[in-house]
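[1] sequence first, then the predicted structure, then my questions.
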Amino acid sequence: MEQVNANVKSEVDYSHFEILEKGLGKDLKTVRRFRVPLRLALIAHRIYDIYGDITASSTQSDCAAKPSYILFCAAIKEMDDLKLDQVNETKILLWRDAINNAHNLQFGVDFAIKHLKRIARAYIGFKAMKRKSNTKDTLNNKDGFMEDCFREAKYFLGKPLSICLFH
């Protein structure tokens, strides 16, 4: 969980997202201020419809902000496409980097940071449940942390990881 909270040098790149590797520069659609890959257009619209213009508070030019915006949308799209049993720690940390890139440009992405923390807790709980040992007793359960992890894992199990992000 500490790694999810870390604001470290980003390692995320377009190549980390399959949706961006396959046609980043073609089939673009304008969504508000940015031309985004067609496969990200629905996510960009959903983000705008629920959270407004997340880039409004950024002082960066559109040209400078666009790469971070596209990476952010790609991370949210993957959350929409994947379920808890399909992610790993590396994927969660790439999402963290994409979200932090946007956050560092003063995008209004606090909602995504909070949601990623929920996913991380669910992932920890899911991995512990898979071990099928008396994990609840063996893991540090400081301040009910593991109960939160198990609760989040049960909530996300079998659902797209974007659940409640757009509701």
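    Received, thanks. This is a predicted model, so every value here is computed, not measured.
[2] would you map the helices across this protein?
    Using DSSP state H, the helices found in the chain span residues 2-5, 18-21, 38-51, 62-81, 89-104, 110-131, 135-138, 145-156.
[3] name the surrounding residues that touch the first one.
    Spelled out, that is helix 2-5. 89, 92-93, 96, 116-117, 120 (Cβ atoms under 8 Å, 6 or more residues apart in numbering). For every residue, glycine as well, the C-beta is placed using N, CA and C.
[4] among these, who's most crowded?
    Counting neighbours by other Cβ atoms under 10 Å, Arg96 leads these with 27 neighbours.
[5] tell me how far the closest residue to that residue other than its chain neighbours lies from Cys149.
    Excluding its sequence neighbours, the residue lying closest to Arg96 (Cβ to Cβ, 6 or more residues apart in numbering) is Val4, at 5.5 Å. Distance from Val4 to Cys149, counting by Cβ to Cβ, to the nearest Å: 12 Å.
[6] looking at these two, which is more packed in?
    Cys149 (25 against 20).
[7] let me see the contact set for the more buried one.
    Neighbours of Cys149 in contact, by Cβ under 8 Å, 6+ apart: 121-122, 124-125, 128.
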